[in-house]
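**Q** Give me a model of this one.
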Amino acid sequence: MKQHTKGNFHQTAAPLLFLLPNILIFGLFIIVPAIQGLRMSFTEWGVFTTPRFIGFANFVELAQDTVFWKTFSNTIVYSLFTVSLIMVYALALALLLYKNTIKGEKIFRSLFYIPSLLSMITVGIAWRFILGDEMGIINYLLRQSGGSGIPWLTDGNLAMVSIIGVSIWAQAGYYMIILIAGLQAIPLELYEAATIDGASTTKTFTAITLPLLRSTLLVVMVLSTIASFKAYELISVMTKGGPGYATKLIVQQVYQVAFLEDRMGYASAMSIVLMLIISIFTLVQFKFTGKEQDYE
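**A** Numbers count the residues shown, from 1 in each chain. This next block holds a predicted model:
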């Protein structure tokens, strides 16, 4: 029977002391607001009114709110396409740029990474200038060449496609860097052994690269999923959730209900539902892709 010995101060208390500032910040700005938001979701409350406990009334109303369910479906569509395409695109870039396969590799890495350093407000303004109906650069060039403008941001389906495309452009470089780090952690000896055994490029990718990159892919999937469910600035600048409700996500609806309609309790109920949705998606992702991998 193994004996478990207690560590000394440097092994136990010291790490906790270093973690203490982060724990305090996390508790103060994440846990406490989450608990407060849960409490608020059971009340009828505006900024200038006294909170009144109403039980589950906000959640009952939410179940019958057609606008909320429209924003919910938009959020799911946006997240599924954005996360899937980001993973494919970022992985393709990482595979192309993680080793010296092309000339000027570091320059290309920087070019693809730079958009992720920009604020989403800046990205939204720039792409609205590019895709706008009347003043957009693309439509201007199309009209100058004798064609007609394309309603990138005023047609419901095209508007959703546009914000998904811009989101991928803005975020893929960040996840590319994470995947490059994961690829560089895979021992080269495995690839050398595969080459000696005569394995094809496809076989090497499916038997070595993908399995050993699974944990990194999981990180990318979880982070991009959370980011897609919280998308706000880009959509607010590019389409303002329109046309109609075509590109309005749950986060935009939460903002409108809380600060424009002054229904803090109802908005808190929406936020709780959003948090549950993100948690469920994250747990499902861990369930199906979160198995431990080693390099042996």
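
**Q** What average pLDDT does stretch 54-65 get?
**A** The pLDDT scores in stretch 54-65 average 93.

**Q** Start and end of that stretch, how far apart?
**A** Separation of the first and last residues of stretch 54-65 by CA to CA, to the nearest Å is 17 Å.

**Q** ok, residues contacting it?
**A** Stretch 54-65 has contacts (CB atoms under 8 Å, 6 or more residues apart in numbering) with 41-44, 68, 265-266, 268-270, 273. In short, each C-beta sits where N, CA and C put it, glycine included.

**Q** That stretch: which residues count as buried?
**A** Neighbour counts over stretch 54-65 (16 or more other CB atoms under 10 Å) mark 54, 58, 62, 65 as buried.

**Q** and L96, what does it touch?
**A** I102.

**Q** Can you read off the pLDDT for it?
**A** Looking at L96, its pLDDT stands at 90.

**Q** Apart from its chain neighbours, what residue comes closest to the most centrally placed residue in the chain?
**A** What sits nearest the mean C-alpha location of the chain, by CA atoms, centre = their mean, is A227, with 2.3 Å. The shortest distance from A227 to any non-neighbouring residue, by CB to CB, 6 or more residues apart in numbering, is to Q171 (6.8 Å).

**Q** for Q252, same thing?
**A** The shortest distance from Q252 to any non-neighbouring residue, by CB to CB, 6+ apart, is to G241 (4.8 Å).

**Q** How is that neighbour assigned, secondary-structure-wise?
**A** coil (DSSP: H, G, I helix; E, B strand; the rest coil).

**Q** For the stretch 101-250 of the chain, give me the ranges with low pLDDT.
**A** Within the stretch 101-250 of the chain, the stretches with pLDDT under 70 are 101.

**Q** for this structure, longest helix please?
**A** Longest helix in the chain by number of residues, with DSSP state H as the criterion: helix 66-97.

**Q** Pull out the buried residues from the helix or strand following that helix.
**A** The helix or strand immediately downstream of helix 66-97 is helix 105-113, counting by DSSP states H and E. For helix 105-113, a neighbour-count test (16+ other CB under 10 Å) marks 109, 112-113 as buried.

**Q** What are the buried residues along the following helix or strand past helix 105-113?
**A** Of the helices and strands lying after helix 105-113 in sequence (DSSP H and E), the nearest is helix 120-131. Buried residues in helix 120-131, counted by 16+ other CB under 10 Å: 120, 123-124, 126-128, 130-131.

**Q** and the strand or helix carrying S268, average pLDDT?
**A** Secondary structure from DSSP H and E places S268 in helix 264-289. What helix 264-289 shows for mean pLDDT is 87.

**Q** And stretch 17-26, by the same measure?
**A** In this model, stretch 17-26 has a mean pLDDT of 87.

**Q** now it, how far from the chain's geometric center?
**A** Distance of stretch 17-26 from its chain centroid, counting by CA atoms, centre = their mean, to the nearest Å, is 25 Å.

**Q** Need the contact partners of it.
**A** Counting by CB under 8 Å, 6+ apart, no residue outside stretch 17-26 touches it.

**Q** List the contacts of stretch 70-78.
**A** For stretch 70-78, the external contacting residues (CB under 8 Å, 6+ apart) are 160, 163-164, 167, 228-229, 231, 245-253, 277.

**Q** Now do the buried residues in the longest helix of the chain.
**A** 68, 70-72, 74-76, 78-79, 81-83, 85-87, 89-91, 93-97.

**Q** Just the angle for that helix relative to helix 105-113, thanks.
**A** For helix 66-97 against helix 105-113, the angle by axes from the mean of the first three to the mean of the last three CA atoms, to 10 degrees is 170 degrees.

**Q** Now do helix 66-97 against helix 264-289, angle only.
**A** 40 degrees.

**Q** How far does whichever strand or helix holds F18 sit from its chain's centre?
**A** Taking DSSP H and E as the definition, one finds F18 inside helix 13-26. Relative to the centre of its chain, helix 13-26 is centred 27 Å away, using CA atoms, centre = their mean.

**Q** follow-up on the earlier one: which of the contacts of stretch 70-78 fall within helices?
**A** Cross-referencing the contacts of stretch 70-78 against helices under DSSP H gives 160, 163-164, 167, 228-229, 250-253, 277.
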